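[1] after the sequence you'll find the predicted model.
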Amino acid sequence: MKAAVVVTPGQIAIEKVPDPTPGPRDVVVEVAGCGICGTDLHIMDGEFAPAYPIIPGHEFAGRVVEVGSAVTELSVGEQVAVDPSLHCGECYQCKRARGNLCENWNAIGVTKPGGAAEFALAPAANCFPLPDGVNVADAALIEPLSCAVRGFDVLPRRLADHYLIYGAGTMGLMMMELAKRAGAASVSMVDINPTRLETARLLGCTAAVTTADELTAPRGWDVVVDCTGVEAAITDGLARVGKGGTFLQFGVASYGARAVIEPYKIYNQEITITGSMAVLHSFDRAGELWAGGLLPADVFVSHRYPLDDYAKAMTQFREGVGRKIQIEP
């Protein structure tokens, strides 16, 4: 089969690789759509993947074309979205229901061959069956949505809270949609990209600005979410959390990123600072929300590229052009 391969950090090639062979509890998925996200950039930059070469692509969906000998719940021809998380189930964190922090953590498209290929291997247990009549490629949106659902799992989610979200890319827009579903009184978006702010307005945010200085919030915000991973945005957001509020670090920052906090303010105003890592018991819930029409694919997916153009798609993503970019092998 053909696949995009990160040969070494910074070097992508389209190569012929062996077809995947399923184990007893695995399935082979013919990939219909594979999304590109910030994690893929980190892999390209040599930060996440433990070894190279690696086939990236942890956001993907497609059609089952082969099943392992012990798979009974899925059949050839069935359409699925794939949770890329591979938890060991045996370590200290897994036994405490924190599989996303697994001490032996692996993930399809990060440490194992991913969906930037014609075919991909996945455990049957990680597959979410899709309803009939959907665009299967669009179901690659379920994985990033499942990360956003996990983010909301660590938030207080009180009715009539006021949200401030930094970053109006795919993840910021997903967090905005979930905030609206969670009963937010307002959801304000901050981004330096005017095109992304236009999309936020299209989807119905309360305000869309290039700097939070343009907003009025005498009491600060109940919930501030960073979806950028950018030091300046994180530091700015931390300073805007209101009394008793919560700051969620959702964006993936570089290893060396640092932000400024005010310890006395955190103590005196009972501010919570928390993080959200990947997917945890949230994939099926995200699948149900997606199937129910939470995310209009024509808005969220801005560009679709063939597999041969994977490097071009990565360059465009790095430049911040568009919203969700998908590869359709």
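    Received the coordinates, thanks.

[2] can I assume Leu159 sits in a helix?
    No. Using DSSP: H, G, I helix; E, B strand; the rest coil, the assignment for Leu159 is coil, not a helix.

[3] and it, how many neighbours does it have?
    For Leu159, the count of nearby residues is 8 (other Cβ atoms under 10 Å). For glycine as for every other residue, the C-beta is placed from the backbone atoms N, C-alpha and C.

[4] Gly204 too?
    Gly204 has 10 nearby residues by other Cβ under 10 Å.

[5] got the contact list for Glu328?
    When contacts are counted by Cβ atoms under 8 Å, 6 or more residues apart in numbering, Glu328 is found next to 32-34, 137, 304-307.

[6] show me the helices in the stretch 51-200 of the chain, by range?
    Ranges of helices within the stretch 51-200 of the chain are 142-153, 170-181, 194-202, based on DSSP state H, counting those that start in this stretch.

[7] reformat these as JSON lines; add mean neighbour count and distance to Val225.
    Below are the helices of the stretch 51-200 of the chain laid out as JSON lines (neighbours: other Cβ atoms under 10 Å; distance: least, Cβ to Cβ, whole Å):
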{"stretch": "helix 142-153", "mean neighbour count": "25", "distance to Val225": "7"}
{"stretch": "helix 170-181", "mean neighbour count": "24", "distance to Val225": "5"}
{"stretch": "helix 194-202", "mean neighbour count": "17", "distance to Val225": "13"}
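
[8] so which of those helices is nearest Glu66?
    Among the helices of the stretch 51-200 of the chain, helix 142-153 comes nearest to Glu66, with 21.6 Å by Cβ to Cβ.

[9] who are the packing partners of that closest one?
    strand 59-67, strand 79-82, helix 170-181, helix 283-291 (3 or more Cβ pairs under 8 Å, 6 or more residues apart in numbering; DSSP states H and E).

[10] and these: which comes nearest Phe317?
    Evaluated over those, closeness to Phe317 peaks at helix 170-181, with 10.0 Å, by Cβ to Cβ.

[11] now do the same for the closest one: mean pLDDT, whole number.
    In this model, helix 170-181 carries a mean pLDDT of 97.

[12] kindly report the same for stretch 299-317.
    For stretch 299-317, the mean confidence score works out to 96.

[13] buried residues, it. List them.
    Residues 300-303, 305, 307, 309-310, 313-314, 316-317 are the ones in stretch 299-317 that count as buried (16 or more other Cβ atoms under 10 Å).

[14] contacts only, for the spatially closest residue to Arg219 that is not a sequence neighbour.
    Counting by Cβ to Cβ, 6 or more residues apart in numbering, Arg219 lies nearest to Gly242, which is 4.7 Å off, once chain neighbours are set aside. With contacts defined as Cβ under 8 Å, 6+ apart, the neighbours of Gly242 are 162, 217, 219-222, 269.

[15] list the pairing partners of the helix or strand hosting Gly242 within its sheet, with orientation.
    Following DSSP states H and E, one finds Gly242 within strand 241-249. Next to strand 241-249 in the sheet, as set by DSSP bridges, lie strand 221-226 (parallel), strand 272-275 (parallel).

[16] which one of those lies nearest to Val28?
    strand 272-275 (34.3 Å).

[17] residues in contact with the closest one?
    Under the criterion Cβ under 8 Å, 6+ apart, residues 154-155, 238, 245-250, 261, 266 lie in contact with strand 272-275.

[18] pick the most buried one from the strands paired with strand 241-249.
    Per-stretch averages of neighbours, counted by mean count of other Cβ atoms under 10 Å, single out strand 221-226 among the strands paired with strand 241-249, with a mean of 26.

[19] can I get that one in PDB, CA atoms only?
    Once side chains and other backbone atoms are set aside, the C-alpha atoms of strand 221-226 remain, and they are given as PDB (Å, rounded to 0.1, in the frame of the first residue of the first chain):
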ATOM      1  CA  TRP A 221     -14.300  35.100  32.900                       C
ATOM      2  CA  ASP A 222     -15.600  32.000  34.500                       C
ATOM      3  CA  VAL A 223     -13.800  29.700  32.100                       C
ATOM      4  CA  VAL A 224     -10.700  30.600  30.000                       C
ATOM      5  CA  VAL A 225      -9.500  28.000  27.500                       C
ATOM      6  CA  ASP A 226      -6.200  28.200  25.600                       C
END
